[in-house]
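# Pasting the sequence and the predicted model now:
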Amino acid sequence: MNAKWDKPKSKISASRKLSLKMLLLTRACEDLEREKQEREEEKVRYIAEKLPPLQLSGLSMDELQKICKQLHSKIDVVDEERYDCESKVNKHNKDIHELKLKVQDLGGKFKKPALRKVRVSADEMMRALLGSKHKGSMDLRANLKSVKKEDVKTDKVLTSEVGDWRKNVEAMSGMEGRKKMFDTGGGGQ
């Protein structure tokens, strides 16, 4: 294979590409500057609309206090609006994040079909899991532990001896009882 065929040759020369890139960049810079100026003008217009210039010269103390109270009330209203806007933005950002996670989860997975109940014996299950390695049948009851009746009787006798806790209370009370407990290594049982 030739290297010519791997990458198609562009019909625009390199110098033309460079000049087009430069034109695009200068246009983008101009647009950014214009947007920045528009934002500044809008900010100045908004402030002039919401807060007219103050005339403080020649006012009495009562009038100045009244103006201060009005300004404080306006500040409270603006703070409430700012808080509401911030809470809305935070809520929307959280929702966007959750939706992005959902999209990622749904994009990589397929819908799982509902499974139906199938009766399979232990031998068939072992054959399916192990394949040819499985030999013989599997008797699950053979693996259970057998319990002798004598063991049950000795357990009952031990519990009845341990169950009477009143026998050793007086013997173990006081400092002598504590000493006996430590000497015997675990108590009076």
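The structure has been received and is ready for your questions. Because the structure is a prediction, the values reported are computed rather than measured.
# pLDDT below threshold where in this protein?
1-8, 109-112, 132-143, 145, 147-189 (pLDDT under 70).
# which phi and psi does Asp123 have?
Recorded main-chain torsions at Asp123 are phi -60, psi -40, according to degrees, to the nearest 10.
# residue ranges for the helices of the chain, please.
Along the chain, counting by DSSP state H, helices occupy 3-6, 14-50, 61-108, 122-130, 149-163, 169-172, 174-184.
# can you list those in CSV and add mean neighbour count and distance to Leu115?
Where you see a C-beta, it was placed from the backbone N, CA and C, and this is true even at glycine. Below are these laid out as CSV (neighbours: other CB atoms under 10 Å; distance: least, CB to CB, whole Å):
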stretch, mean neighbour count, distance to Leu115
helix 3-6, 7, 49
helix 14-50, 10, 56
helix 61-108, 10, 21
helix 122-130, 12, 15
helix 149-163, 9, 43
helix 169-172, 11, 60
helix 174-184, 11, 59
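# Turn the ones you listed into a markdown table, columns for distance to Ala114.
Listed next are those as a markdown table, based on distance: least, CB to CB, whole Å:
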| stretch | distance to Ala114 |
| --- | --- |
| helix 3-6 | 50 |
| helix 14-50 | 54 |
| helix 61-108 | 18 |
| helix 122-130 | 21 |
| helix 149-163 | 47 |
| helix 169-172 | 63 |
| helix 174-184 | 63 |
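# so which of the ones you listed comes closest to Arg116?
Among these, helix 122-130 comes nearest to Arg116, with 16.1 Å by CB to CB.
# Does anything pack onto the closest one? Which helices or strands?
Of the remaining helices and strands, none touches helix 122-130 by 3 or more CB pairs under 8 Å, 6 or more residues apart in numbering; DSSP states H and E.
# Alpha carbons only: can I get stretch 75-82 in PDB?
Coordinates of each C-alpha in stretch 75-82 appear next as PDB, following Å, rounded to 0.1, in the frame of the first residue of the first chain:
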ATOM      1  CA  ILE A  75     -30.000  45.500  50.100                       C
ATOM      2  CA  ASP A  76     -32.200  42.900  51.900                       C
ATOM      3  CA  VAL A  77     -34.400  42.400  48.800                       C
ATOM      4  CA  VAL A  78     -31.300  42.000  46.500                       C
ATOM      5  CA  ASP A  79     -29.800  39.500  48.900                       C
ATOM      6  CA  GLU A  80     -33.000  37.500  48.900                       C
ATOM      7  CA  GLU A  81     -33.000  37.500  45.100                       C
ATOM      8  CA  ARG A  82     -29.400  36.500  45.000                       C
END
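# Next, Arg119: phi, psi?
Main-chain dihedrals, Arg119, degrees, to the nearest 10: phi -90, psi 120.
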